[in-house]
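Engineer: coords please:
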Amino acid sequence: MKALVYTGPEGLDYRDMADPVPRNGEALIRVQSVGICGSDMHAYLGHDERRPAPLVLGHEAAGVVLSGAMQGQRVTVNPLVTCGTCPACRSGRDNLCSTRQIISMPPREGAFAGLLSMPEGNLVPLPDHVTTHQASLAEPIACGWHAVRLGRAALGDAPHRALVLGGGAIGLGAALSLAAQGIPDVTMVEPHAARRAFLELRCDQVVMAPDALDPAEQFDLVVDGVGFEATRAQASAHARPGGVIVHIGLGQPTGGLDIRRMTLQEITFIGTYTYTAQDFRDCAQAMFDGRLGALDWIEERALSDGARAFADIRAGRVTSPKIVLVP
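Structural biologist: Take a look at the predicted model:
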C-alpha cells in the first residue's frame, strides 16, 4: 500500500509500505477519508515525543471494511483502542484506560495510508446518506462532544452561554456539540481573519477576534480547543463565578491560568482527553441525525499531496477547519 510517512520535523514521505495484517478480532479497512488533526501538526513540527519518526500519522479515518463480520460496510473509525477490563474501562471511562493505544502512536501506525487494521468494536457503520468525508469528522467532533458533556455535568444547573476558544475542527466541533446538547448561545474566538469569515458564512457561527471580546463578558462554560498560554488566560478571565473551563487543546503544557481568580470564584477546570466509546457512538449518531449541521466545512486533498497540505496549514494558507486526505 501507499502511505504518508512522517520522517522528522517538517518531513513527510509518500512511499510504499507493507499492508497491515489484522490481528485476532480486527478488520482490514480501505481508508477513503482521513483528516489532518492538530496533533498530527504537533508531530510534524517535532513537538510530540509520543510520535517518533518514522511513523504513519493520522487517526481521523473512515472507509470500507475489507474483512471480517462487517465486510463491505462503510464505517467511521474510533481510533482509541482500550483493554475493556481495567477499572477505567469497566466504569465507562475507557478513554482513561491504563493501556490505551491510539493509531498514529507506537505501536499502532496511523491512517495516512491505503489500508488500516482496527478492532471490529471500534467501527461504527455509516448510513447511506453520510459520506466518508463527513464520517471522518466523527473523531475530532467527538472530542468536543465529550468535553461539553463533562462541562454540563460539572455545572449542575443548565448553562446558558458558552465561549469556545479556537476555530479549528476541535473548536468548531465543540460549538456544534454545545448547540446539539442544548446550549445554543455560543461565541467563538478565532485569530485568523479568513477562518473567522469561513466560520460565519459557512458554519453559521458567531465568531470574533481575541481582542474583540469584551473584557467584562463572562460565560457559564468555556471550552479551550487550543491550549496555549494566551487561550488559558482568556478562559480564566471569561469564566463566570462558579463556571467551568473545559480544556481540550494541547498547544503548550504550562502557563496562562489565573489560579487566584479560579480559586476565589470557584471556577472548575477540567482537562479532557479524547472521548469514551459511548461518546464516540453518540456523537456519530448525532452526525447521522443531522444535529451537527451539514458537515461541509472540509477541504479535500490527495494523500499523495499530503506534504503540501501540511505545509499550507503551517503557513496559515488554509481557511477551512479541516483538510481531509484521500488515499
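Engineer: Buried residues, the longest helix along the chain. List them.
Structural biologist: Criterion DSSP state H: the longest helix present in the chain is helix 138-155. Counting neighbours by 16 or more other C-beta atoms under 10 Å, one finds that the buried residues in helix 138-155 are 138-152, 154. C-beta here means a position set from N, CA and C on the backbone, and glycine is covered the same way.
Engineer: Counting by contacts, list what the very next helix or strand once past it packs against.
Structural biologist: Next helix or strand after helix 138-155 toward the C-terminus (DSSP states H and E): strand 161-165. Contacting strand 161-165 under the criterion 3 or more C-beta pairs under 8 Å, 6 or more residues apart in numbering; DSSP states H and E are the following elements: helix 169-180, strand 185-189, strand 219-224, helix 229-238.
Engineer: and strand 161-165, which residues are buried?
Structural biologist: Quick answer for strand 161-165 (16+ other C-beta under 10 Å): R161, A162, L163, V164, L165.
Engineer: Which one of the helices and strands packed on strand 161-165 lies nearest to Q265?
Structural biologist: helix 229-238 (9.6 Å; C-beta to C-beta).
Engineer: ok, P327 touching A113?
Structural biologist: Yes: the pair P327 and A113 passes the contact test of C-beta atoms under 8 Å, sitting 6.6 Å apart.
Engineer: Mutual contacts of those two, please.
Structural biologist: Counting by C-beta atoms under 8 Å, 6 or more residues apart in numbering, the common neighbours of P327 and A113 are K2, V31, L303.
Engineer: Make JSON lines out of those residues and add secondary structure, distance to P191 and neighbour count.
Structural biologist: Output for the shared contacts of P327 and A113, formatted as JSON lines (DSSP: H, G, I helix; E, B strand; the rest coil; distance: C-beta to C-beta, whole Å; neighbours: other C-beta atoms under 10 Å):
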{"residue": "K2", "secondary structure": "strand", "distance to P191": "35", "neighbour count": "15"}
{"residue": "V31", "secondary structure": "strand", "distance to P191": "32", "neighbour count": "26"}
{"residue": "L303", "secondary structure": "helix", "distance to P191": "29", "neighbour count": "21"}
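Engineer: so can I have CSV of those showing distance to D312 and pLDDT?
Structural biologist: Below are the shared contacts of P327 and A113 laid out as CSV (distance: C-beta to C-beta, whole Å; pLDDT from 0 to 100):
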residue, distance to D312, pLDDT
K2, 21, 98
V31, 21, 98
L303, 15, 98
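Engineer: For stretch 9-20, measure first residue to last.
Structural biologist: Distance across stretch 9-20, first residue to last, is 25 Å (C-alpha to C-alpha, to the nearest Å).
Engineer: ugh, wrong one, stretch 52-64
Structural biologist: Start-to-end, stretch 52-64 (C-alpha to C-alpha) is 28 Å.
Engineer: Enumerate the positions of that stretch that are buried.
Structural biologist: A53, L55, V56, L57, G58, H59, E60, A61, A62, G63, V64.
Engineer: okay, the third one: pLDDT?
Structural biologist: What the model reports for V56 is a pLDDT of 98.
Engineer: Spit out the contact partners of V64.
Structural biologist: I29, R30, Q32, G72, Q73, R74, V75 are the contacts of V64 under C-beta under 8 Å, 6+ apart.
Engineer: swap that for V148, sorry
Structural biologist: A174, S177, L178, Q181, I183, L221, V223, V246.
Engineer: in the sheet, who's paired with the spatially closest residue to G68 that is not a sequence neighbour?
Structural biologist: Spatial nearest neighbour of G68, chain neighbours left out: A27 (3.9 Å); criterion: C-beta to C-beta, 6 or more residues apart in numbering. On the basis of DSSP bridges, A27 is bridged to M118.
Engineer: and A27, what does it touch?
Structural biologist: So A27 contacts V65, L66, S67, G68, A69, M70, Q71, S117, M118, P119, E120, L123 (C-beta under 8 Å, 6+ apart).
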